[in-house]
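Engineer: how would this look folded up:
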Amino acid sequence: MSSIPGWKAVAALFLALALSVPAACSDAVAPANGPSPTPGATPGPVQLYSYKILNRYPHDRDAFTQGLVFDRGALFEGTGLNGRSSLRRVDLESGKVLQAHQLSPDYFGEGITVFRDRIIQLTWQSRLGFVYNRDSFQALRTFNYSTEGWGLTHDGKHLILSDGTDTLFFLDPETFAVVRQVRVRDNGAPVTRLNELEYAGGRVYANVWQTDRVAIIDPADGRLSGWIDLSGLLRAEDRVKPVDVLNGIASRGESGRLFVTGKLWPWLFEIEAGSGEEIKNQR
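Structural biologist: Residues are numbered from 1 along each chain as shown. Below you'll find the predicted structure:
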């Protein structure tokens, strides 16, 4: 790992790769411009990063967060549970819901992403996705997929879908056909329960369901380059009312920072991943 001290090594790499974000896509998206992996190359060490909290913002305690994304300065959130699933535009500073669309009680909402002028939202076991106008939330069309829907993001060219297994599916954003898929590996071992996704700086960031970890994945071959350990992010005093697991990752263009929350959490955190003296472990 780089010997750059403090919190800046990961953020610097993140920023360097994110400088060419397409204006027409989500704030989080940057093309993967790094060198292609050498076939048969020995995987490098998988880093385990800690974190630094930069800010925390109010978050709706009734929001069962399934998807989180920034696009052109606006924060969008998808929520789950039958009868409570929604698509929302949220004010970051106050946590206030500025705009909302409620899903039919038949559907359990899952991950969302913004692709150009459309918001795309998955459902869990219905194998049905919804496409909305980004600004009005008007429903435009539906589409089907052959697996469960968990997390969703995109790399500027393809949608990237998780289904709770160790596989990431790359979909054509117009036809929603699977173009390719990769299996995620941590030094050869499968990483399962991949949930909410975020694409930034040429990497896919994935919540791993029922853990406090975020996996950092090379989308070219599914190899893990790191873990972010978010243990202790939510304080004991914030757990006096029921909360669920960590879920929800977003980024804002060139900031090199991540915004994370959880299902039924009272806060949304702006964090920076740690390295150097702050790194917890290197495996």
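Engineer: every contact and neighbour count from this point should use C-alpha atoms.
Structural biologist: Will do.
Engineer: what about Tyr107, distance to Leu128?
Structural biologist: Distance, Tyr107 to Leu128, using C-alpha to C-alpha, to the nearest Å: 9 Å.
Engineer: which of the two has more neighbours?
Structural biologist: Set Tyr107 next to Leu128 and count neighbours by other C-alpha atoms under 10 Å: Tyr107 wins out with 23 against 19.
Engineer: contacts only, for that one.
Structural biologist: 81-83, 85, 123-124, 126 (C-alpha atoms under 8 Å, 6 or more residues apart in numbering).
Engineer: and Glu237, helix, strand or coil?
Structural biologist: Put simply, Glu237 is helix when judged by DSSP: H, G, I helix; E, B strand; the rest coil.
Engineer: for the remainder of this discussion, apply numbering that starts at 26.
Structural biologist: OK, 26 is where the count begins now, so the last one is Glu262.
Engineer: who are the contact partners of it?
Structural biologist: By C-alpha under 8 Å, 6+ apart, the contact set of Glu262 is empty.
Engineer: roughly how far does it sit from Pro291?
Structural biologist: Glu262 is 11 Å from Pro291, by C-alpha to C-alpha.
Engineer: quick check: beta-bridge partners of Phe95?
Structural biologist: Leu100 (DSSP bridges).
Engineer: what about it, neighbour count?
Structural biologist: 24.
Engineer: so it touches Ala275, yeah?
Structural biologist: Yes. Counting by C-alpha atoms under 8 Å, Phe95 does reach Ala275; the two are 6.2 Å apart.
Engineer: widest-spaced pair of the contacts of Tyr132?
Structural biologist: Farthest pair in these (C-alpha to C-alpha) is Gly108 and Ser151. Separation: 14.2 Å.
Engineer: returning to that earlier point: mark which of the contacts of Tyr132 are buried, thanks.
Structural biologist: 106, 110, 148-149, 151 (16 or more other C-alpha atoms under 10 Å).
Engineer: where does the protein have low pLDDT?
Structural biologist: 26-69, 279-280, 300-308 (pLDDT under 70).
Engineer: tell me where it has helices.
Structural biologist: 33-42 (DSSP state H).
Engineer: what comes up buried for stretch 274-283?
Structural biologist: 274-283.
Engineer: ends of that stretch, how far apart?
Structural biologist: Stretch 274-283: ends 7 Å apart by C-alpha to C-alpha.
Engineer: now find how far off-centre it is within its chain.
Structural biologist: 10 Å (C-alpha atoms, centre = their mean, to the nearest Å).
Engineer: and the two most separated of the buried residues of stretch 274-283?
Structural biologist: Ile274 and Glu279 (15.4 Å).
Engineer: got the buried residues of stretch 274-283 as a markdown table, with distance to Glu118 columns?
Structural biologist: Output for the buried residues of stretch 274-283, formatted as a markdown table (distance: C-alpha to C-alpha, whole Å):
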| residue | distance to Glu118 |
| --- | --- |
| Ile274 | 17 |
| Ala275 | 15 |
| Ser276 | 15 |
| Arg277 | 14 |
| Gly278 | 18 |
| Glu279 | 19 |
| Ser280 | 17 |
| Gly281 | 19 |
| Arg282 | 16 |
| Leu283 | 15 |
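Engineer: between those residues, which is nearest Glu297?
Structural biologist: Comparing those against Glu297 with C-alpha to C-alpha places Arg282 closest, at 5.2 Å.
Engineer: skipping adjacent residues, who's closest to the closest one in space?
Structural biologist: Counting by C-alpha to C-alpha, 6 or more residues apart in numbering, Arg282 lies nearest to Glu297, which is 5.2 Å off, once chain neighbours are set aside.
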